[in-house]
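Participant: Return atomic coordinates for the entry below.
(one chain, ligands or ions: 1)
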Amino acid sequence: MYRPRKSGKTPEPRILPLQPVPDTGRCYRCLRPRSRCYCNRIRPLETRTHFALCMHTREYRHQKTGTGRLARLALTHSQIFTGMDFTHDGALNALLNDPAYAPHLLFPGPAAIQISRGEKPALAPGRKLLVVLVDATWPWARKILRASSNLRALPCLSLDPTAPSRFAIKRQPHPACVSTIEAAYEVLLALAASGMEDPGLDFNPLVGLLEDLVAYQIERKKAEAESAAAPLSGRGTP
Ligand SMILES: [Zn+2]
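Facilitator: Take a look at the predicted model:
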């Protein structure tokens, strides 16, 4: 409330209590706070390879740390599908059955084509390679595949990652498990090495974006831990 000054005394400065800063909104492309939006840094890669990102519904809701959406933004020829059982996903099935594509699932297995060891999927003339990536934690990815007969029926591609996951926020159960964007990066590197992908493209921005995302999340967790500890820090001191 405004009170007129009674005398020439300078009023005591009022210290306003700290208010939580209202969330001024997130960028609805990358879902990060607008101040940390990375959309203007993304130069989508026009790859020969197409990607279908099958994301577990739960993963889709937790996109702040998911990299599927980042992959979608960074790869021109990519689409996201969400669900758990994809067997009857009409849009995905239309893509899988489109004669323009040769769909393959990135998933390890004895019959998988080892693209990082130079093996190549045989594509009929005029067909483009469509790589299906299951964007979910490892246990969920297995559940998705058990449920989705259309994905299980696809020929598989497999790769040996060139580096352990950079995705420090989520613990990967095995060094060969990498985040979705790293998987896309590794697929592209392997395909470029065997002449199936445009060798003139620079795939490094894909992992650069991931490293930024990781640094940001670590910084945020640290700030949250510090603010949680702050009210206790003065207690008991003389
Ligand atoms: Zn953004």
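Participant: Assign residue 206 to helix, strand or coil.
Facilitator: Three-state assignment for residue 206 (DSSP: H, G, I helix; E, B strand; the rest coil): helix.
Participant: Tell me the spacing between the residue nearest to it when sequence neighbours are not counted and the ion.
Facilitator: Distances taken as Cβ to Cβ, 6 or more residues apart in numbering place residue 185 nearest to residue 206, at 4.5 Å, with adjacent residues excluded. C-beta here means a position set from N, CA and C on the backbone, and glycine is covered the same way. As for residue 185, its distance to the ion is 20 Å (criterion: Cβ to the ion, to the nearest Å).
Participant: Tell me how many other residues crowd residue 185.
Facilitator: Counted with other Cβ atoms under 10 Å, residues neighbouring residue 185 total 26.
Participant: is it fair to say it lies in a strand?
Facilitator: No. Counting by three-state DSSP, residue 185 is not part of a strand but helix.
Participant: wait, doesn't it sit right on residue 207?
Facilitator: Yes. Residue 185 is in contact with residue 207 according to Cβ atoms under 8 Å; the separation is 5.5 Å.
Participant: on that earlier part again, let me see the contact set for the residue nearest to residue 206.
Facilitator: 203, 206-207 (Cβ atoms under 8 Å, 6 or more residues apart in numbering).
Participant: With residue 198 instead?
Facilitator: Residues in contact with residue 198 (Cβ under 8 Å, 6+ apart) are 46-48, 192.
Participant: Most neighbours among those, please name it.
Facilitator: Using other Cβ under 10 Å as the neighbour test, these are led by residue 47, with 24 neighbours.
Participant: do you know how far that one is from residue 131?
Facilitator: Residue 47 sits 10 Å away from residue 131, taking Cβ to Cβ, to the nearest Å as the criterion.
Participant: Repeat that for residue 114.
Facilitator: Distance from residue 114 to residue 131, by Cβ to Cβ: 14 Å.
Participant: So which of the two has more stuff around it?
Facilitator: Set residue 114 next to residue 131 and count neighbours by other Cβ under 10 Å: residue 131 wins out with 27 against 15.
Participant: partner residues bridging residue 79?
Facilitator: In this entry, residue 79 is beta-bridged to residue 52, by DSSP bridges.
Participant: my guess is it contacts residue 52, does it?
Facilitator: Yes. In this structure residue 79 lies within contact range of residue 52 using Cβ under 8 Å: 5.7 Å.
Participant: Next, show the common contact partners of the two.
Facilitator: residue 95.
Participant: who has more neighbours, these two?
Facilitator: When residue 79 and residue 52 are compared for neighbours, residue 52 comes out ahead with 24 against 15, by other Cβ under 10 Å.
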